[in-house]
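**Student:** Give me coordinates for this.
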Amino acid sequence: MDVPITRDASVVATRYWHRLEDGRVQCDLCPRYCRLREGQRGLCFVRGCLDGEVVLTTYGRSSGFCVDPIEKKPLNHFFPGTPVLSFGTAGCNLACRFCQNWDISKSRHFDTLADQAAPETIARAACELGCRSVAFTYNDPVIFHEYAIDVARACHEVDIQTVAVTAGEVCAEPREEFYRHMDAANVDLKAFTEVFYREICGSHLQPVLDTLVYLRHETDVWFEITTLLIPGENDSSEELDAMTRWVVDKLGPEVPMHFTAFHPDWKMMDRPPTPSQTLSGARRIAMGNGLRYVYTGNVHDHEGGSTYCHECGERLIGRDWYVLNDWRLTEDGECRACGTPCPGRFSGGPGDWGARRLPVRLSEFEKRQ
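**Tutor:** Numbering: from 1, shown residues only. The predicted structure is shown next:
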């Protein structure tokens, strides 16, 4: 559906684009490099050409806000047990056939963007709701780059952390600017073959690997990796072995990795759900290759959801779904049994948010401004 672009408060100028000789403009935010004529939108839907420049059309608009457990992002080593104010917009710069948030990421209706909030309102709401952080999630924050950065600035003014839940498909210059404002990220490493990325996601593997290497070696951003295992597509022992060896070699053994279960959705209704033994097998392969913190997700697995000391085997953080039921870390994030540090952000001890999910309307906070 062709949605016209008209100027209003949600349309703002962007930086990462240039004009082409044929009169079109090229968006340089992500490696898709959409080339647009006047009035056209990129594949992401939220960036388009207006008056000869690339604009963001959804600034200050959201598909909804919700307070979640931080473990749902998933982040297991970033202030465990604490609540995070989560929101997304519409659109996506990938075309994953299995997208489990497709009603948001593939939306072409502005009715999806039912809530509005200025960056300062989001920061204030996070404070009043007792959240330790704000997460840009549900769809990829790369595509609402300018809005996410402004929200992050406002959050840091009031000591609220920021989290990007992302597929990692972003060009080098905007990536550097974006992550200067992020405290944590969960990067979706969807597979370890170019064929999977090209045929199932409509994108490419190498930019994601570049983002992961950049995060590890050029930033202080805390990040964890998630791979959704789809039966028959990206779950072979050979691919998992290659993927986890690459993670250890290029990123190090302390990067937490999550293997999560697929359920049939959107354009991949013909695949069965991921068996729990596939996740457990992936975890064994990863740990056998030297990864120290490997988790299973979207299944009830107390062992696969808990954090263990890699030195002595002590269970440091016990988890039953999103509920913490054990805590054996010191205030400095060290194992109480042997003193080995556990990498992550643990200051202040565990939170007690549990598994609650609290939808909120930011319009109520706007009214109190």
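
**Student:** top strand in this structure by residue count?
**Tutor:** strand 222-229 (DSSP state E).

**Student:** and that one, which strands flank it?
**Tutor:** strand 184-188 (parallel), strand 257-261 (parallel) (DSSP bridges).

**Student:** Pull the last one out as CSV, backbone CA atoms only.
**Tutor:** Presented in CSV, the C-alpha positions along strand 257-261 are these (Å, rounded to 0.1, in the frame of the first residue of the first chain):
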residue,chain,number,x,y,z
MET,A,257,24.4,-16.3,23.9
HIS,A,258,20.7,-17.2,23.9
PHE,A,259,19.2,-19.9,21.7
THR,A,260,15.4,-19.5,21.6
ALA,A,261,12.5,-21.6,20.3
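
**Student:** List the neighbours of that strand that are in contact with it.
**Tutor:** Identification of contacts with strand 257-261 by CB atoms under 8 Å, 6 or more residues apart in numbering yields 74, 76, 186, 224-229, 244, 247, 273-274, 276, 279, 282-283, 286, 291, 293-299. To be clear about C-beta, it is placed using only N, CA and C from the backbone, and glycine gets the same treatment.

**Student:** Of these, keep whichever come out buried.
**Tutor:** Among the contacts of strand 257-261, those buried by neighbour count (16 or more other CB atoms under 10 Å) are 74, 76, 186, 224-229, 244, 247, 274, 279, 282-283, 286, 291, 293-299.

**Student:** The closest residue to residue 355 other than its chain neighbours: how many residues sit nearby?
**Tutor:** Closest residue in space to residue 355, ignoring its immediate chain neighbours: residue 322 at 4.1 Å, by CB to CB, 6 or more residues apart in numbering. The number of residues packed around residue 322, counting by other CB atoms under 10 Å, is 19.

**Student:** which residues of the stretch 151-300 of the chain score low on pLDDT?
**Tutor:** Of all residues in the stretch 151-300 of the chain, those with pLDDT under 70 make up the ranges 266.

**Student:** cool, and the stretch 1-150 of the chain?
**Tutor:** Across the stretch 1-150 of the chain, the ranges flagged by pLDDT under 70 are 1-2, 101-114.

**Student:** cutoff 80 now
**Tutor:** Low-confidence segments of the stretch 1-150 of the chain, defined by pLDDT under 80, are located at 1-3, 100-115.

**Student:** rewinding a little: now go through the buried ones among the contacts of strand 257-261 and say which are in strands.
**Tutor:** The strands in this structure, assigned by DSSP E, contain 186, 224, 225, 226, 227, 228, 229, 294, 295, 296, 297 from the buried ones among the contacts of strand 257-261.

**Student:** Tell me the one of those nearest residue 90?
**Tutor:** Within those, distances to residue 90 taken as CB to CB reach their minimum at residue 186, with 20.2 Å.

**Student:** Surely that closest one touches residue 72?
**Tutor:** No. Checked against CB atoms under 8 Å, the pair residue 186 and residue 72 is beyond contact range at 10.1 Å.

**Student:** List just the nearest of the ones in strands among the buried ones among the contacts of strand 257-261 to residue 318.
**Tutor:** Relative to residue 318, the closest of those is residue 295; by CB to CB it sits at 12.7 Å.

**Student:** Would you mind naming the residues that bridge with that closest one?
**Tutor:** Taking DSSP bridges, one obtains residue 258 as the residues bridged to residue 295.

**Student:** who's in contact with it?
**Tutor:** Residue 295 neighbours (CB under 8 Å, 6+ apart): 74, 76, 256, 257, 258, 259, 283, 304, 305.

**Student:** And for residue 67?
**Tutor:** The neighbours of residue 67, taking CB under 8 Å, 6+ apart as the test, are 83, 84, 85, 86, 129, 131, 353, 356, 357, 358, 360.

**Student:** Confirm it sits in a strand?
**Tutor:** Yes. With the criterion set as DSSP: H, G, I helix; E, B strand; the rest coil, the secondary structure at residue 67 is a strand.

**Student:** all strands of the stretch 1-150 of the chain, in order?
**Tutor:** Secondary structure of the stretch 1-150 of the chain, counting by DSSP state E, counting those that start in this stretch: strands at 12-13, 17-19, 25-27, 35-36, 47-50, 53-56, 61-62, 64-69, 83-88, 115-116, 133-136.
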